[in-house]
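Chemist: Sequence plus predicted model, see below.
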Amino acid sequence: MRYFLLLACIFHAHLLCAQNTIGLPPVINYNKAQYQGNGQTWDIDMDSRGILYFANNEGLITFNGNYWHLYHMPNNTCVRAVKVAPDGRIYVGAQDEFGYFYPDNNGILVYTSLKKNIPAGQTQFADIWNIALYNNGVYFRSNTKIFEYRHQQIQVYNAPWEWKIMASTPYGLYAQDHQQGLVKLTNGKWQSICAQTGGQQLMITAILQEKEDTLLLATQKNGLFKVSHQQLIPFHTSADEIFHTSRIYCAIAMRQGQLAIGTFSKGSYIIDGTNGKVIQQFSIEEGLQNNNVLRLFCDPQQNIWLALDNGIDQIRYNTAIKQILPDKHNSVTTYAAQVFNHRLYIGTSDGLYSSALDSTTDISFSKGSFQQVANTKGQIWHLSAIAQRLLMAHQDGTFEIRENKAFPILKDVGCWLYLPMGNNIIAGTYNGLSTIQFHPTPVVRHINGLSETLRFLAVDNKNRLWSSHPYRGVYQLTLQNDTTIHAQLFTQKDGLPANNNNYVFRIGNKIVAGTAQGIYEYDDQTQHFIPSPSLYPLLKKRLVQYLTEDSSGNIWLVSEKKTGVINAARNNVTWFPELEGKITSGFPFIYPYNKENIFFAGDKGIYHLNYKKYNSYPGGLSVLLGQIKATGKKDTLLFGGYTAQPAQEAMLSHTYSSFHFEYTAPAAEQGNNITYSYQLSGFDKQPGEWTLKTEKEYTNLPYGHYTFVVKAKDNLGNISPAATYSFTILPAWYQTYAAWICYILLLLGFIGFLIRRQRKKFAAQKAKHEQEQQHLIFQHQLELERNEKQLIQLRNEKLEADVQHKNKELATAAMHQVQKGKLLSNIREKLEESIKKINDNAALPDFKKVLRLFEEAEDNEEDWAQFEQHFDEVHHNFLHTLKKVYPELSTTDLKLCAYLRLNLTTKEIAQSMGISVRGVETSRYRLRKKLNITGDIPLYDFLIDIKAS
C-alpha cells in the first residue's frame, strides 16, 4: 500500500511539473558578493520611490536598482523584519533592538532606536520577527511581546503563551498565539477569531485578506486555509502534497487573484487564488539560486522578489519577453518554430520538440511540457506549414511531421527551407533547388541549372524566384518547365553595395535585400537594386541580416545581433535590448505568429515576445539620484539618495572640486533597457548622449553654482522627469568679491605707485637731462671759455707778438735815433775839427749855421715825443700812467723806464740814450730812489705791474 502511495505522490508531482507554463520569465540573481551582506535575507519592502529594503543577517540592505548599500544595526545584530511607513520611515526589527531609519536633510539614512521608549520592566525581548502598520500605529512582534508604537509612546502586549506571527490587512491587525490561535486587535484588546488555529494543530506562516470577512491563511505543514465567520475551511490546491512535504514559509497576494507561495525546499509557486491550480513553479531548475524561500515581495510592476536562504532573486513575472526551453536539462540552440494543429513545434540543434497548447492567447502562459518528435535527431533548419502539412527542413533532408513523428520526403540531401509557388513547393537545399508536389504522395524533382546552396528564397509578383549567396550576390531565378532554371546574378555593378553579406526577402510585395549598408530593393524599371525609399533611411549603414513581415505590415528584423521591429503605423524602429546577444548567431530567425506571440530563435531555447503587451507599456518611468560624493582633502558624502531632493542646497568649500554622481531607474521599472542622459548646468553646454552608464564623475570644477540634471529613457521612447541636484562651490578667500575689491584697490594703488614712480623717474630723468644739458652747457661754456681763452691767448700772443714787434721797432727806432745821433755827432765833431782848421772867417757863419742845424738835428725832443706816443699806444699808456703816478720823473727817467719796459740791455740803453754803461747804472739807481723800489724787487717786474689808468 505504501508503495502505491509513493507512486501516486511521484505521479502527482510529475503532473504538477507538467502544468508549468512553457514560458519562463527572466530570473535575476543577486548573490551576497553583490549586495555585500550575509546569505540569509528575512524580509523585503519598498518605499514610494521604488527603493527596496532587505532585512539581512548583516543589517539593513538597500537597493535602488543599480547600487546596493548596507547599514549595520547599533548592536551589530541581524535584521529580521523591515517595513516602510507612508511617512518615509523605514522601521526595522533586530535582535534585542528595533527602531527606524530616516533620511536626514541630505538624504542620508540615520537610525533612531525606539528601545528607550519601552516602558520600564518590558525591555527584555529577543528577535523582532514581524513589523506591521495598522491604523497609524507601528507594531513589532517578538515571540513574547508585541510592541505598539504610536505618538512617541510604546504599549506592550505580552503573549498569552507565545506569539507565532503577526500581520495586518486593510481590515485589521492579526496575530497567532500558540495557545489562543488566531486573534485580532480590537479596541486595544486581542480577541480570538478562530480557536481552531490554537494549540499544536496549525503553524500559520502568512495571513492574507481575501474579503472583509474572510482571511486566507498559509500554514507551515498543512497547506492553505480560509477563515470565515470564525470557521477554518481548507483551501485545496493542486500542490497540496508538495506544500505538506516541503512546507510553506511565506505567501503574498498578487494581481488577478493569483498567490505566490514560498516553500522551504521547492522554491516558489504561483497558484490561482480562485481554484487553487498551480500556474508556475520557480525553483533552481527555473533559475533560482536555491529553493529555500524565506520571504516574498511583489512590486508595483508585478516583479516578484524572493529573499532566499542564500541570496536574493527577482522574477520579472509580468514581463512581455519570456524564454521557452524545449529541453530543461539541455539548453539547446533553436533555429525554427511553428504553431500547427494546436501544438508549438521548435526546431533545435538536437531535433524537433513539440508541446500541446491550451486556449490562452499568450502562448507563453500555455501549460504543458515539451517532447522530442520521433525521428528528428539532428540539426533542424526550418519549419513550414503549407497546405495543411508541416514540413521540416533537416540536415538529413525533407520531412513531414504527422502525429508527433517525422516522415522522410527527400533524404540524403540537407534542406534549408520551403517556399510555396503555385502548385509546387520549392525546397532550397544544400546543392540547389527541388520541387515537391503531393498527389497525394510526395513527388520530388531536382531543378537543374544551379547547384549552389540556397538558404534564402523569395518569390516576386511575376513568379520569379530570388535567392542570395553568402559571397556572390543575389540570384534572380526563372523556372522553365519546373525542371530547369535560368539564373541571373546581381552584384555590386547592379546596385548592390557589395557582393557579399546580401540577404534576400519579400517585404510589402517587393523584393528587398538586407545588406551591410542597409536595406535595398529591386527596381523593375532599371533592373537594378536601389536603396529602399521607405526602409533605407531607418537602417542606413547597418548590416541587416534578417527581415520578415507580419500580418499587420510590421517588419521584424535582425541587424548586427540586435532584434527590432519597424512599426508600420509609426514608421520607426523599436529595438529589443532584452534580446541583445541572445539570438542565434549566424542563423537568425523570427516567427511573428500574431501580435501576442512573436518567437525569436536563441542560443538557449527560444524567446517569446508578447508584442501587444510590450507595446502597451504604461510608461511612468522615473529616475533616482543615488549617492553624490565630493572629493577634496577627504571624501564627503553630500547626498544619500533616500529623498528626492536635499532640504537645502549644498554650499561647499573651494577645496572640493571633484564630484561623483550615481543615478538609476528603480529596479521595478527596468524591464526594458534603460539609457540615461545627464548634464551639469554651469559646466556642460548641453545634455550628453543617451548612455547605459549609471554614474558620472566631474573633476577640477571651478567655483560657481551647478545643477546636475539626469533623465532616463527606455527603448520605447518613454522619458522620465528629470532628477536634479544643485550645489555651489564657494570661491577661495582670494576669489571672493572682497578679495577682488582688494585686488582692484591694490591694482589701482599699484598703478598709482607706477604712475608716481614713473613721474619720479621722469622727473629724475628730466633732472638728469637738465643736469646733462647744464653739464653740456657748462662744457660748452667751458669750451667757449677755453676757446675764448685760447682766442684771447692767441690775441694776447698776437698782441705780445705785435708789442714785441713794435718794441723791436721802437727799440730799432731808438737805436736808429741813437745811431743817427752818433752819426750827426760824429759829423758835427768832424765838422768842428774841420772848422778849427779853416781860417776863413767869411765861411764861419755858414759853418755855424750848419753846426746849428746839426745841433737841431741832435736835439731829439720831437723824436722823443713821437716815440712816447707810439710807446703808449703799444703799452697802454704806460708812460702817461707812469708820469701821472710819479710826476717827479724826468724825461731821461721816462726814457730809461721805456727802455727797461722794452727789456733792452744796459748796453742797448746806453747806446739809445747816448751815455755810457756807467751812466745807465747810475740812472737806474736814481730811478729806484724816485720810484721807492727796494733792492730785492727787479726794476723790470715793477714796471710790468704798472697798469694803465
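Modeler: Received, thanks. Just so it is clear, the model here is predicted, and its values are computed rather than measured. Numbering: from 1, shown residues only.
Chemist: State the three-state secondary structure for residue 766.
Modeler: Under DSSP: H, G, I helix; E, B strand; the rest coil, residue 766 falls in the helix class.
Chemist: For it, grab the count of nearby residues.
Modeler: For residue 766, the neighbour count with other Cβ atoms under 10 Å is 12. (Each C-beta comes from the backbone N, C-alpha and C, glycine too.)
Chemist: Then residue 932?
Modeler: Look at residue 932: counted by other Cβ under 10 Å, it has 8 neighbours.
Chemist: Look up phi and psi at it.
Modeler: Residue 932 adopts backbone torsions of phi 60, psi 50, taken as degrees, to the nearest 10.
Chemist: pLDDT score for it?
Modeler: On pLDDT, residue 932 comes in at 82.
Chemist: can you check residue 488 too?
Modeler: 92.
Chemist: What sits closest to it if chain neighbours are left out?
Modeler: residue 476 (4.5 Å; Cβ to Cβ, 6 or more residues apart in numbering).
Chemist: Run the chain-centre distance for the helix or strand hosting residue 401.
Modeler: Following DSSP states H and E, one finds residue 401 within strand 397-402. The chain centroid and the centroid of strand 397-402 are separated by 58 Å under Cα atoms, centre = their mean, to the nearest Å.
Chemist: Tell me the helices and strands packed up against it.
Modeler: Other elements packing on strand 397-402 under the criterion 3 or more Cβ pairs under 8 Å, 6 or more residues apart in numbering; DSSP states H and E are strand 389-394, strand 405-411, strand 415-421.
Chemist: Nearest to residue 597 among these would be which one?
Modeler: Distance to residue 597, taken as Cβ to Cβ, is lowest for strand 389-394 among those, at 17.1 Å.
Chemist: if we can go back for a sec, just so I know, which of the helices and strands packed on strand 397-402 lies nearest residue 703?
Modeler: Proximity to residue 703 (Cβ to Cβ) singles out strand 415-421 among these, at 67.7 Å.
Chemist: For that closest one, list every residue counted as buried.
Modeler: Going by neighbour count (16 or more other Cβ atoms under 10 Å), the buried part of strand 415-421 is 415-419, 421.
Chemist: list the contacts for residue 330?
Modeler: Neighbouring residues of residue 330 by Cβ atoms under 8 Å, 6 or more residues apart in numbering: residue 350.
Chemist: gap between it and residue 900?
Modeler: When distance is defined by Cβ to Cβ, to the nearest Å, residue 330 is 160 Å away from residue 900.
Chemist: partner residues bridging residue 512?
Modeler: Counting by DSSP bridges, residue 512 forms beta bridges with residue 505, residue 521.
Chemist: shouldn't it be in contact with residue 531?
Modeler: No: the pair residue 512 and residue 531 does not pass the contact test of Cβ atoms under 8 Å, sitting 10.4 Å apart.
Chemist: and for the two, which residues touch both?
Modeler: Residues touching both residue 512 and residue 531 (Cβ under 8 Å, 6+ apart): 519-521.
Chemist: Those residues into CSV, with extra columns for distance to residue 375?
Modeler: Output for these, formatted as CSV (distance: Cβ to Cβ, whole Å):
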residue, distance to residue 375
519, 39
520, 41
521, 41
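Chemist: hmm, which of those are the buried ones?
Modeler: Buried among the shared contacts of residue 512 and residue 531 (16+ other Cβ under 10 Å): 519-521.
Chemist: Make TSV out of those and add pLDDT.
Modeler: Putting those into TSV (pLDDT from 0 to 100) gives the following:
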residue	pLDDT
519	96
520	96
521	96
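Chemist: so which helix or strand takes in residue 760?
Modeler: Secondary-structure assignment from DSSP H and E places residue 760 in helix 737-837.
Chemist: So residue 490 sits against residue 529, correct?
Modeler: Yes: Residue 490 lies in contact with residue 529 (Cβ under 8 Å); the separation is 6.3 Å.
Chemist: how far away is residue 74 from residue 92?
Modeler: As judged by Cβ to Cβ, residue 74 and residue 92 stand 11 Å apart.
Chemist: higher neighbour count, these two?
Modeler: Neighbours per residue (other Cβ under 10 Å) separate residue 74 from residue 92, with residue 92 holding more: 27 against 11.
Chemist: Secondary structure element holding that one?
Modeler: Judged by DSSP H and E, residue 92 forms part of strand 90-94.
Chemist: Could you pull up the residues touching residue 443?
Modeler: Residue 443 touches 436-437, counting by Cβ under 8 Å, 6+ apart.
Chemist: quick check: angle from the helix or strand containing it to strand 389-394?
Modeler: If you go by DSSP H and E, residue 443 is part of strand 442-447. Interaxial angle of strand 442-447 relative to strand 389-394 (axes from the mean of the first three to the mean of the last three Cα atoms, to 10 degrees): 50 degrees.
Chemist: Alpha carbons only: can I get strand 442-447 in CSV?
Modeler: Provided in CSV are the C-alpha atoms of strand 442-447 (Å, rounded to 0.1, in the frame of the first residue of the first chain):
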residue,chain,number,x,y,z
PRO,A,442,5.0,13.5,-52.4
VAL,A,443,6.9,13.7,-55.7
VAL,A,444,10.3,15.3,-55.5
ARG,A,445,12.3,16.6,-58.5
HIS,A,446,15.6,18.3,-58.6
ILE,A,447,15.8,21.6,-60.7
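Chemist: bridging residues for the nearest residue to residue 456 once chain neighbours are set aside?
Modeler: Spatially, and ignoring its direct neighbours in sequence, residue 456 is nearest to residue 468 (4.7 Å; Cβ to Cβ, 6+ apart). Beta bridges link residue 468 to residue 456, residue 474 when assigned by DSSP bridges.
Chemist: re earlier: between the buried ones among the shared contacts of residue 512 and residue 531, which sits nearest residue 60?
Modeler: Using Cβ to Cβ, these come closest to residue 60 at residue 519, 53.4 Å.
Chemist: Can you name the helix or strand that the closest one falls in?
Modeler: strand 518-523.
Chemist: What is that strand packed up against?
Modeler: Strand 518-523 sits against strand 510-515, strand 528-531, helix 536-539, strand 544-549, with contacts defined as 3+ Cβ pairs under 8 Å, 6+ apart.
Chemist: closest to residue 272 out of those?
Modeler: Here strand 544-549 is closest among those (Cβ to Cβ), at 35.7 Å.
Chemist: now what about the following helix or strand past the closest one, what contacts it?
Modeler: Downstream of strand 544-549, the next assigned helix or strand under DSSP H and E is strand 555-559. The contact list for strand 555-559 (Cβ under 8 Å, 6+ apart) reads 507, 514, 535, 539, 542-550, 563-566, 568, 583, 588, 590, 592, 598.
Chemist: mind listing what strand 555-559 pairs with, with the direction of each?
Modeler: Strand 555-559 has these strand partners (DSSP bridges): strand 544-549 (antiparallel), strand 562-566 (antiparallel).
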